[in-house]
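Enquirer: just need the structure, nothing else, for what follows:
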Amino acid sequence: MAIHRARGIVLLLLSMVVYGCAFDFFNISGAIYVEKEVSHNISGSAQGLFMTMVNGVGVYVGAIASRHVVDYFTANGVKDWNNIWLSFAAYTLILLVIFVFVFQYKHVATEMKERQL
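Expert: You can find the predicted model right below:
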């Protein structure tokens, strides 16, 4: 029993590390993208809008959606955590595939030099 409990704690801590890295990467890459794509005079407003959509509206919508997923996989007060996490993993995989095919950013090195001046 103690081994299973210790294993669960280790997996929980590892999931926090992975989530933290993913969260930081998403926020930093999003901020860099917004900074590169908008004009300098509105970059502050664009950064604020990005953070509001991600950390405000996105969190609210995500909490509601995840509640429905958990409720769907709950029967007689017992949660089927395997299917709950598999559904979240499938959703993430679908978003990854969509992102790979839809996001086609073309970096032009000369634009960066002009912006720094």
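Enquirer: which other helices and strands does the helix or strand harbouring Leu13 contact?
Expert: Using DSSP states H and E, Leu13 sits in helix 2-37. Counting contacts by 3 or more CB pairs under 8 Å, 6 or more residues apart in numbering; DSSP states H and E, helix 2-37 is packed against helix 43-52, helix 109-116. Where C-beta positions appear, they are placed from N, C-alpha and C, glycine not excepted.
Enquirer: and the angle for it with helix 43-52?
Expert: 150 degrees (axes from the mean of the first three to the mean of the last three CA atoms, to 10 degrees).
Enquirer: roughly how far out does helix 2-37 sit from the chain middle?
Expert: Between the centre of helix 2-37 and the centre of its chain there are 9 Å (CA atoms, centre = their mean, to the nearest Å).
Enquirer: next: stretch 92-109.
Expert: The answer for stretch 92-109 is 14 Å, by CA atoms, centre = their mean.
Enquirer: average pLDDT for it?
Expert: Stretch 92-109 shows an average pLDDT of 83 in the prediction.
Enquirer: other residues contacting that stretch?
Expert: Stretch 92-109 has contacts (CB atoms under 8 Å, 6 or more residues apart in numbering) with Tyr33.
Enquirer: where does the prediction get shaky in this structure?
Expert: 1-3, 107-117 (pLDDT under 70).
Enquirer: related to what we said a few turns ago, what comes up buried for the helix holding Leu13?
Expert: The neighbour-count check on helix 2-37 (16 or more other CB atoms under 10 Å) flags 31, 34 as buried.
Enquirer: Val38 and Leu49 touch, don't they?
Expert: No - when contacts are counted by CB atoms under 8 Å, Val38 is not listed as touching Leu49 (9.6 Å).
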